[in-house]
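Asks: Could you look at this predicted model? Sequence included:
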Amino acid sequence: MSLDIDALLGDGSVRIIVCCGSGGVGKTTTAAALALRAAEKHGREAVVLTIDPARRLAQSLGLTELSNTPRTVDRTTGGRLDAMMLDMKRTFDEVVLSHTSKEKAQEIFANPFYQAMSSTFSGTQEYMAMEKLAQLRAADRWDLIVVDTPPSRSALDFLDAPQRLARFLDGKMLRLLLAPAKGGRSVFSVMTAATSFFTGTIAKILGARLLTDIGTFVSSLDSTFGGFRRRADQTYKVLQDRETAFLVVATPEPDAVREAAYFAGRLTEERMPLAGLVLNRVHTTAVPELSVQRSLGAAEGLEEAELSPVTSGVLRIHADLVAQVDREARVAARFTAAHPEIPVTRVEAQAGDVHDLAALRDIGDLLAAG
Amino acid sequence: MTPAASFPSRRLHIVTGKGGTGKTTVAAALALALASGGRRTLLVEVEGRQGIAQLFDVPPLPYEERLIARGPDGGQVYALAVDAEEALLDYLAMFYKLGRAGRALKKLGAIDFATTIAPGLRDILLTGKVKEATTRMVNGRRAYDAVVLDAPPTGRVTRFLNVTAEAAKLAKVGPIKTHSEGVAAILRAKATTAVHVVTLLEDMPVQETADAITELTAHGMPVGSIILNGVRTDPLEGAKVTQAELKRGLAAAGLPADKAVVTGLLDEVRAHKTRLELEAGLRSELSGEPYPLVELPLLAEGIDLSGLYQLARILMTADEGSQG
C-alpha cells in the first residue's frame, strides 16, 4: 500500500506530524522536507521542531544556533514555514521559570542535581521535545507542527523516556527515600524493614550528599509543579489524538527496519495514529533486466577475452548496485510482510547530500511520489 | 603522512560512530581481527540492542560472557551484552555482598529506580563493567587480550565516557566516587585505551566525526583511529566511458545494447562518479586529522559472517602495514 503524503499534508485536521525512527535514517531531513512541502504546496502555517540537525541543513533553514523560539524561513512560497532547534537546557529552565517564583527558580537552577539532570539525564531530551511540542501547540500560531525526535537508543524512548522521568520526579520511590522515618501509618509500613534496608543501600551507593541534593530538588519542584507526571500524561494523550500522525522513518538496513517494525507494533498497541512508513535512501536501477549474475558473468567474459575494459567496469558498477537493490528489497519486505496494512512511501537515495531548500523540495517531491 | 593504526598495542577499544555507519559491524570485525594468533577477545555491547547476536546470527545474548566466534588461527571471540540492572546487581554483589538481597531489591522496583535515578548511574555501571572485564586477571594472566566496546553513537559517546567525571561532581564521597575515578582513569589511559570513530564518506557522518573527535580530545579521551566504512571502489579506475564503446562492449559480451540499456547504465556510472568525487573530498577533509585512517570496503551483498571475516582480515593487514 502506498502512502499519500500530499493527502496527509493537505488534511487540515492533522495538526501534528511526528517523525520517528532510529539514528541516522534521515528523520530531520524528512521532517524539514515535509514541513516545507506543507507550507509551499498546501498553504499551511507550519513549524518544524528539529532536535539535532546537521549544520548545513540547519543553515539552509536559517538556523545558526540553538534557539527556543521558531524563526520564519526565508525564500519559501505559499503558507509559512517556521523552524527551530531544540535547546534542551533552556527549555527545562523555561518550564521551571513558568511554574515558580524567581527566587525559587534560582534555587532550583543552583542545585547541582538540576544542573546535571537538565543537560545529561538520559531521557531529558525526549522529555523536553515533548514539552516543546506541548508549548508550540498551546501557542496556537501554527496549523501544522512537524516534530523530529531525538537520536535515542531506541525510537521507543521518545514515548517512554518522558514518563520514566516523570515517574522518577513524581515517584513514590523518591518519597519513600526522602521520608523514610515517618514509619507507622505510612502506606509503606508493610515494607518497613525492606525499606530501611533499601534506603540504606541507596545512600551507600549514591552518597548521602547526593541524596540531599536530589531531595531538595524534588521538594522544590514538587511544591510548584503540581506533578511532572500529569504534564507528561497530558502530552502523551495528545499523541493518541486524531490530530496527530506518526511517520516512521527507516533506511532499508536490517537494524533500521527492525526498529521501525518494533515501533510500528508499539504504536498500534498504544492506539497511536501511525500514518505510514518512509523508506528512505532506497537505491534503484535503471536496467533491472541485467541481473547481478548476468552482469558479473559478462564482465568476466570480457576480461578473459581482453575486450573493452571500460564495459566490464560499467558492468561491475551496475552489478554492485543491483546487489544492493536486491538486498534492500529483501530487507524492506521484512517490514511489509509483518505490517501489510501500513502504507509505505519510498525516497530514492540521492547522489549528493541534502542541505539546501531546493534539495529539500526534491525530497518532498519524492516523498509525495510514493 | 597519517600515523599507523597498530590495534594490538591497546587493550581496550571503544568503537563509536554516527547511527547507521556500521559501528557494530566494525566493532565485531575488530574483535575478530584482534583474536588472531590464538588471542582471546571480548566484544561488549551496552545499548541493549542485541546487535551482536543479530550480526553473528545467534540467539539473544544473556548477561554472560559467551564464546560466539573463532578468530583466525584459533583465537576466540567472546561476547557480552551488558544490562544496567544486571550490572548493578553485580556491583552490589561485589561490593556489598548482596547476593539474594539484591534480587529482593529488584522485586521492590528499587533497581529500576536506582538505574534511573542518578544522572548517568546507568552509564557508570556500564562503563564499570567494561573496566572490570579489561582488567580482570585469571590464574595470573589477563582474562582477555583485548576488549572491544560497541559504544553509544557519536552524539552521545563523550557524555557516556565522561559520565564518571560528572558523577564525581555530584557524589562528593562514597563508593560511587571511588568507583567512578577508577573507571575514568582507565578510559583516559593512552597506553591501554583507544577510541575509534567509524564513519561513512558522507557529509553528516564526517561532520559528526570531526565534532566527536574535538569533544573526545577536549575531555582527555585517547582517540585511536578513524575507520572509513563502506568505501566504494572504482572498477573504471577513472577511465571515461563513451556511449559508442559501451554499446560495442555490451554487444561483444552478448548483452542487450539498446538505447534504454546504454543510457540507463551511463546514468548509473554518472551517479557512481558523483559519489566517488564526494567521497574523495570528504576523505581529504578527514586526512587533515592527526589520526590514522583505516578503510573498509562497501560489501554490496550486506554484512554476513563471511563479510565480517573479510573486514577482520583487512583490519589485520591495515595493522601489519603500520607495524612494518
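Replies: Yep, it's here.

Asks: Go ahead and report the secondary structure state at the closest residue to B:Tyr309 other than its chain neighbours.
Replies: Computed as Cβ to Cβ, 6 or more residues apart in numbering or on different chains, the closest residue to B:Tyr309 that is not its neighbour in sequence is B:Leu32, at 6.5 Å. For the C-beta atoms, the positions are set from N, CA and C on the backbone; glycine is no exception. Per DSSP: H, G, I helix; E, B strand; the rest coil, the local secondary structure of B:Leu32 is helix.

Asks: Show the model's pLDDT score for residue 3.
Replies: Picked chain A for this. pLDDT recorded at A:Leu3 is 96.

Asks: that's the wrong chain, I wanted chain B
Replies: For B:Pro3, the model assigns a pLDDT of 55.

Asks: ditto for the one 10 residues further on
Replies: Per-residue confidence (pLDDT) for B:His13: 97.

Asks: what about it, neighbour count?
Replies: Using other Cβ atoms under 10 Å in any protein chain shown, B:His13 has 26 other residues around it.

Asks: how close does the residue nearest to B:Tyr309 sit to B:Leu200?
Replies: 21 Å (Cβ to Cβ, to the nearest Å).

Asks: Looking at those two, which one has more neighbours?
Replies: The residue with more neighbours, out of B:Leu32 and B:Leu200, is B:Leu32; 27 against 22, by other Cβ under 10 Å.

Asks: Please report how far B:Ala260 lies from B:Gly307.
Replies: 33 Å.

Asks: Which one's more surrounded, those two?
Replies: Neighbour count, other Cβ under 10 Å: between B:Ala260 and B:Gly307, B:Gly307 has more, with 16 against 11.

Asks: ok, the more buried one - contacts?
Replies: B:299, B:301 (Cβ atoms under 8 Å, 6 or more residues apart in numbering or on different chains).

Asks: Please tell me how far it sits from B:Pro297.
Replies: Distance of B:Gly307 to B:Pro297, given as Cβ to Cβ: 10 Å.

Asks: B:Asn162 too?
Replies: In this view, B:Asn162 and B:Pro297 are 33 Å apart by Cβ to Cβ.

Asks: Next: B:Arg122.
Replies: Applying Cβ to Cβ to B:Arg122 and B:Pro297 gives a distance of 36 Å.

Asks: So those two - more neighbours on which side?
Replies: B:Arg122 (22 against 15).

Asks: wait, isn't that one in contact with B:Glu86?
Replies: No: applying Cβ atoms under 8 Å, one finds B:Arg122 not in contact with B:Glu86, separated by 11.7 Å.

Asks: ok, now which ones touch the residue of the stretch 101-250 of chain B found nearest chain A?
Replies: When scored by Cβ to the nearest Cβ, the stretch 101-250 of chain B has B:Gly249 as its residue closest to chain A, at 2.6 Å. Applying Cβ under 8 Å, 6+ apart to B:Gly249 gives the contacts A:302, A:307-308, A:310-312, A:314.

Asks: what about 6 Å?
Replies: Going by Cβ atoms under 6 Å, 6 or more residues apart in numbering or on different chains, B:Gly249 touches A:308, A:311.

Asks: so after whichever strand or helix holds it, what's the next helix or strand?
Replies: Per DSSP states H and E: B:Gly249 is located in helix B:243-252. Next along the chain after helix B:243-252, taking DSSP H and E as the criterion, comes helix B:259-286.

Asks: need the next SSE after that following helix, C-terminal direction.
Replies: strand B:293-297.

Asks: That next one: how far from the chain's middle?
Replies: 13 Å (Cα atoms, centre = their mean, to the nearest Å).

Asks: Kindly report the same for stretch A:307-322.
Replies: The answer for stretch A:307-322 is 40 Å, by Cα atoms, centre = their mean.

Asks: Not counting its own residues, what contacts that stretch?
Replies: In contact with stretch A:307-322 (Cβ under 6 Å, 6+ apart) are residues A:285, A:292, A:295-296, A:298-299, A:302-303, B:235-236, B:239, B:241, B:245-246, B:249, B:252, B:265, B:268-269, B:272, B:300.

Asks: mind showing which ranges of the stretch 51-200 of chain A have poor pLDDT?
Replies: Residue ranges of the stretch 51-200 of chain A with pLDDT under 70: A:66, A:116-117, A:119-123, A:151-155, A:162-200.

Asks: Return the residue of chain A that is most distant from the centre.
Replies: The centre of chain A is farthest from one residue, A:Ala305, which by Cα atoms, centre = their mean lies 54.0 Å away.

Asks: State the distance from the residue lying closest to that residue once chain neighbours are set aside to A:Glu306.
Replies: Excluding the flanking residues, the one nearest A:Ala305 by Cβ to Cβ, 6+ apart is B:Ala252, at 7.7 Å. Using Cβ to Cβ, B:Ala252 is found at 11 Å from A:Glu306.

Asks: thinking again about what came up before, please, a ChimeraX command that selects the buried ones among the contacts of stretch A:307-322?
Replies: Typed into ChimeraX, the line below selects the buried ones among the contacts of stretch A:307-322, using 16 or more other Cβ atoms under 10 Å in any protein chain shown:
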select /A:285,292,295,296,298,299,302,303 /B:235,236,241,245,246,249,252,265,268,269,272,300
